[in-house]
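# Sequence plus the predicted model coming up.
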Amino acid sequence: MKFQDKRVLVTGGTRGIGRAIVEKFLDAGARVAVNGRSADSVNTAMADLTAQDRIIAAPGDTSSAAGCKAIVDAAMDGLGGLDILVNNAGSGGGGPVEDLDEALWDRVIDTNLKGTFFCTKYALGALKQAKGAIVNMASVRAMQGTAGGSIYCASKGGVVAMTKAWAVEFAPDVRVNALCPGAIDTDMLQALAVRMAGSVEAGYEAMSQGVPMGRVAHASEMADAVLYLSSDQASYVTGIAMLADGGMLAGAFGRGQKAD
């Protein structure tokens, strides 16, 4: 897939899946605005990237409308417009409902749902002009509940619902799709694996038990899916929530097991 000179904004692009998305777009010839919460985090990430002449900094916090506007303005000023928006910035956290508080609700919902909405709002005019594409990062947890994950599941379920509404509202000018990853090898998942089982390896083995593919995914595999949804090869694809979960939901009874 080629994205020569396409103008791309990736929120949450300094680490994990976002960083892999940035790298893939650069490899494909795009010009990319990299977002992270602070200028320091963005500058540190950008220093390690190739194609320095095709990247610009767009720091800011997606949990507020003002932050989203500043991010989009920086991207469009630096790139001269926008062809593709990847709403990847996200926040997690959870626990039993009775232990959760308003601060966690606000942080997760504001980052995952409000941020996706307002980054899209401020980028929409440029994307319509470019006949562009939006990819929203959702989660397999938008499709499947998990104990202790009610706020996160609600935020990602909202992202999927907005994706479908926008696909109808923005057509035919802008395509809008969501990607729903399963377990992906990132710093955050490694930390969770250690908490679960004492080591990354043991945690990942436990996480993979019900996954037909039998493993945790690489961030680069999610980036490949984002590039597909952003590309002309997906020119008639809009309004979907594409699972990239290694078959986890398809194999709900576990790998190699059968229902009674």
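Done, it's in.

# CA only for contacts and neighbour counts going forward, please
Fine.

# Spatially nearest residue to residue 164 (excluding sequence neighbours)?
Residue nearest to residue 164 in three dimensions, not counting chain neighbours: residue 239, with 4.6 Å by Cα to Cα, 6 or more residues apart in numbering.

# what's the spacing between the one you found and residue 98?
Separation of residue 239 from residue 98 (Cα to Cα, to the nearest Å) stands at 35 Å.

# for residue 55, same thing?
44 Å.

# Of those two, give the one with the bigger neighbour count.
More crowded of residue 55 and residue 98, by other Cα atoms under 10 Å: residue 55, with 23 against 7.

# Give me the phi and psi for the more buried one.
As for residue 55, its main-chain torsions (degrees, to the nearest 10) stand at phi -130, psi 140.

# tell me the phi and psi of the spatially closest residue to it that is not a sequence neighbour?
Closest residue in space to residue 55, ignoring its immediate chain neighbours: residue 32 at 4.9 Å, by Cα to Cα, 6+ apart. Dihedral angles of residue 32 (phi, psi; degrees, to the nearest 10) stand at phi -130, psi 130.

# just residue 17 next, same as before
Main-chain torsions, residue 17, degrees, to the nearest 10: phi -60, psi -40.

# Please enumerate the strands of the stretch 1-150 of the chain.
7-10, 31-34, 55-57, 84-87, 133-137 (DSSP state E, counting those that start in this stretch).

# Any chance of those in CSV with distance to residue 122 as columns?
Shown next, in CSV, are those (distance: least, Cα to Cα, whole Å):
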stretch, distance to residue 122
strand 7-10, 12
strand 31-34, 15
strand 55-57, 17
strand 84-87, 11
strand 133-137, 13
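
# Can I get those in CSV including mean pLDDT and distance to residue 163?
Below are those laid out as CSV (pLDDT from 0 to 100; distance: least, Cα to Cα, whole Å):
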stretch, mean pLDDT, distance to residue 163
strand 7-10, 98, 17
strand 31-34, 98, 22
strand 55-57, 97, 26
strand 84-87, 98, 11
strand 133-137, 98, 7
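
# closest to residue 169 out of those?
Nearest to residue 169 among those is strand 133-137 (12.8 Å), distances taken as Cα to Cα.

# Paired strands for that closest one, with orientation please.
Take DSSP bridges as the rule and strand 133-137 pairs in its sheet with strand 84-87 (parallel), strand 175-181 (parallel).

# Can you identify the element that follows that strand toward the C-terminus?
helix 150-170 (DSSP states H and E).

# re earlier: residue contacts, the residue nearest to residue 55?
If a contact means Cα atoms under 8 Å, 6 or more residues apart in numbering, then residue 32 has 7, 8, 9, 10, 22, 25, 26, 54, 55, 56, 79 as its contacts.

# any idea how far it lies from residue 177?
Applying Cα to Cα, the value for residue 32 to residue 177 is 19 Å.

# again with residue 162
Distance from residue 162 to residue 177, by Cα to Cα: 10 Å.

# where does the stretch 1-150 of the chain have low pLDDT?
By pLDDT under 70, the stretch 1-150 of the chain has no low-scoring segment.

# where along it do the helices fall?
All helices of the stretch 1-150 of the chain, identified by DSSP state H, counting those that start in this stretch, fall at 16-27, 39-47, 65-79, 102-109, 115-130, 150-170.

# closest to residue 224 out of these?
Between residue 224 and the helices of the stretch 1-150 of the chain, the shortest separation by Cα to Cα is 7.3 Å, and it involves helix 16-27.

# which helices and strands does that closest one pack with?
strand 7-10, strand 31-34, helix 219-230 (3 or more Cα pairs under 8 Å, 6 or more residues apart in numbering; DSSP states H and E).

# Please identify which of these is closest to residue 123.
Proximity of these to residue 123 was assessed by Cα to Cα; the nearest stretch is strand 7-10, lying at 9.4 Å.

# so what strands line up beside the closest one?
With DSSP bridges as the test, strand 7-10 pairs up with strand 31-34 (parallel), strand 84-87 (parallel).

# With mean neighbour count and distance to residue 168 added, can I get the strands paired with strand 133-137 in TSV?
Below are the strands paired with strand 133-137 laid out as TSV (neighbours: other Cα atoms under 10 Å; distance: least, Cα to Cα, whole Å):
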stretch	mean neighbour count	distance to residue 168
strand 84-87	27	17
strand 175-181	26	9
